[in-house]
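**Student:** Need the 3D shape of this:
(one chain, ligands or ions: 2)
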Amino acid sequence: MAARHKSVETKYYEGRDRVLRALRNCDRRTFLKLSAAALGAVMAKGLTPPHTFQLVDVANAGVDKEWSGTGAAGAAPFRFAYISDAHLYERTLNQRFVRAIVKAVDDVNALDPQPDFVLYGGDLAQLGSPQQLEMGKQILSNLKAPVKMMVGEHDWFLDLGEKWQELFGAPTYSFDWKGVHVVVLQSVYEKDFWTARRLTPQERMQTVAGLDNPIQSRFEVGEKQRGWLKNDLAKVPHATPLLIFSHSPLYKYYRPWNFWTEDADEVQAILRPFHKVTVIHGHTHQMLFNQIGNISFYGMLSTAWPWPYAPEGLPPLTVQMNRADPFDQFDGCGDGQFSARADGLIDTIYNLWDRNPVNVRADYLVSRGRVDRPPAPQFASY
Ligand SMILES: [Fe+2]
Ligand SMILES: [Fe+2]
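**Tutor:** Ligands and ions are numbered 1, 2, ... in the order given. Presented below is the predicted three-dimensional model:
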């Protein structure tokens, strides 16, 4: 075990050095500051970096027949990691968020074995500028595992997705992975609120990025993409597990903050015939889980900041993470990992930085909390 631990640590530092080297277009002074800050944050906590994201073997955990359904013919266990909601500013304006996504890339690169792929969950940029998106792409290119990209509203509303699509391709796509059908959606379309108001692209982006504003529309998948989804799923047997990635939650959590997808009910209706459906979303920046009918939902952590929980509408199964300490820039942030099980259900590990990781088994969701209540997240005691 000691040899294995040393090996993980060695890989961690090799990975971190690789990421920092990759930021080679930083001038030397900036590069050294960035590197020192990343290491300093770790040392200040007295942490051995890989400790925050150890693998937990849950892939073959047993599941009660009552809710395991008909199973999934041909599904094989696999793992994937995620990084989400980095909200990058140009590094001349803000390096804190750059340090945070670099830390997440380090975390994922230190995993042994490596995940099958890494999902990037959207909001790579803060205000959708080409510089922000290009810097994000450069940082993510240092991941060892293949990356699957999803778009968020902060990436989209400056130029309505032009630069993002130039860098990353179509925002809506699907693929099959080890017996699971995977779909990535663009769930942050909005009805046109800008033309009649004669907003500039910058004003449109600022409006969407702003908090609590009543001007913008609610997010939606939209009729055209719902048609695409129906068509895509028409060829998929109902026993095949579905894994859906969306930036906004595909249910109605809290409308004033756009923790919401306006046509969520219609999208859920398309997914309802399938026996095992998991939706994984970004945008809410918090530990968040929900079960609606046959669909399990998990929210992803952000590397940039944790949002507070909404004052109403919190799904009752969610176990809230502790309030973040504002003096710790990484507190309440993190990344995570999902394990697709042979039975088609998906477990998750919330890798909250500087706290103990929280493992949420799908059994907890599909049994409506009757089994395996996840432990309340605790501050690390080391
Ligand atoms: Fe976000
Ligand atoms: Fe978002």
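**Student:** Compute the distance between the nearest residue to residue 251 once chain neighbours are set aside and ligand 2, please.
**Tutor:** Nearest residue to residue 251, sequence neighbours excluded (CB to CB, 6 or more residues apart in numbering): residue 264, at 4.9 Å. All C-beta spots, glycine's among them, are computed from the backbone N, C-alpha and C. For residue 264, the distance to ligand 2 equals 15 Å [CB to the ion, to the nearest Å].
**Student:** ok, residue 264 - how many residues close by?
**Tutor:** The local packing of residue 264 (other CB atoms under 10 Å) involves 23 other residues.
**Student:** Can you pull the residues of the stretch 101-250 of the chain lying near ligand 2?
**Tutor:** Remark: the part of the stretch 101-250 of the chain in contact with ligand 2 comprises 123, 152-153, using CB under 5 Å from the ion.
**Student:** Going by distance to ligand 1, which of the residues you listed wins?
**Tutor:** residue 123 (3.5 Å; CB to the ion).
**Student:** any idea whether the closest one is helix, strand or coil?
**Tutor:** coil (DSSP: H, G, I helix; E, B strand; the rest coil).
**Student:** And the pLDDT at the nearest residue to it once chain neighbours are set aside?
**Tutor:** Closest residue to residue 123 apart from its sequence neighbours, by CB to CB, 6+ apart: residue 152 at 3.4 Å. With respect to pLDDT, residue 152 scores 98.
**Student:** now residue 374
**Tutor:** For residue 374, the predicted pLDDT is 87.
**Student:** Kindly report the same for the one 5 residues further on.
**Tutor:** Here, the pLDDT recorded for residue 379 equals 69.
**Student:** Strands of the stretch 201-350 of the chain, residue ranges please.
**Tutor:** Applying DSSP state E, counting those that start in this stretch to the stretch 201-350 of the chain gives strands spanning 242-246, 252-254, 259-260, 277-281, 288-292, 295-299, 334-340, 346-352.
**Student:** Please report how far residue 246 lies from residue 150.
**Tutor:** 8 Å (CB to CB, to the nearest Å).
**Student:** joint contacts of the two?
**Tutor:** Residues within reach of residue 246 and of residue 150 at once, by CB atoms under 8 Å, 6 or more residues apart in numbering, are residue 185.
**Student:** More neighbours: those two, which one.
**Tutor:** residue 150 (29 against 26).
**Student:** What values do phi and psi take at that one?
**Tutor:** With angles defined as degrees, to the nearest 10, residue 150 sits at phi -130, psi 150.
**Student:** Tell me the predicted confidence for the nearest residue to it once chain neighbours are set aside.
**Tutor:** Excluding its sequence neighbours, the residue lying closest to residue 150 (CB to CB, 6+ apart) is residue 122, at 4.7 Å. Residue 122 is assigned 98 on the pLDDT scale.
**Student:** right, is whatever helix or strand residue 136 lives in up against ligand 1?
**Tutor:** Assigned by DSSP states H and E, residue 136 belongs to helix 130-140. No - remark: helix 130-140 sits outside contact range of ligand 1, by CB under 5 Å from the ion, the gap being at least 12.7 Å.
**Student:** and what of stretch 199-210?
**Tutor:** No - no part of stretch 199-210 sits near ligand 1 under the criterion CB under 5 Å from the ion; the closest distance found is 9.3 Å.
**Student:** residues in contact with the nearest residue to residue 376 once chain neighbours are set aside?
**Tutor:** Among residues not flanking residue 376 along the chain, residue 319 sits closest, at 6.1 Å (CB to CB, 6+ apart). Shown in contact with residue 319 (CB under 8 Å, 6+ apart): 287, 289, 358, 360, 373-374, 376-377.
**Student:** cool, and residue 306?
**Tutor:** Neighbours of residue 306 in contact, by CB under 8 Å, 6+ apart: 285-286, 321, 324, 331-333.
**Student:** Give me the pLDDT value at it.
**Tutor:** Note on residue 306: pLDDT of 96.
**Student:** Tell me how far the nearest residue to it once chain neighbours are set aside lies from ligand 1.
**Tutor:** Leaving aside its sequence neighbours, residue 306 sits nearest to residue 332 (CB to CB, 6+ apart; 3.3 Å). Separation of residue 332 from ligand 1 (CB to the ion): 13 Å.
**Student:** And the closest residue to ligand 1 within the stretch 251-382 of the chain, how close does it get to residue 304?
**Tutor:** Residue nearest to ligand 1 within the stretch 251-382 of the chain: residue 283 (5.2 Å; CB to the ion). Using CB to CB, we find residue 283 at a distance of 12 Å from residue 304.
**Student:** Mutual contacts of these two, please.
**Tutor:** With CB under 8 Å, 6+ apart, residue 283 and residue 304 have common neighbours 85, 123.
**Student:** Compare these two and say which is more crowded by neighbours.
**Tutor:** Each of residue 283 and residue 304 has its neighbours counted (other CB under 10 Å); residue 283 has more, 31 against 21.
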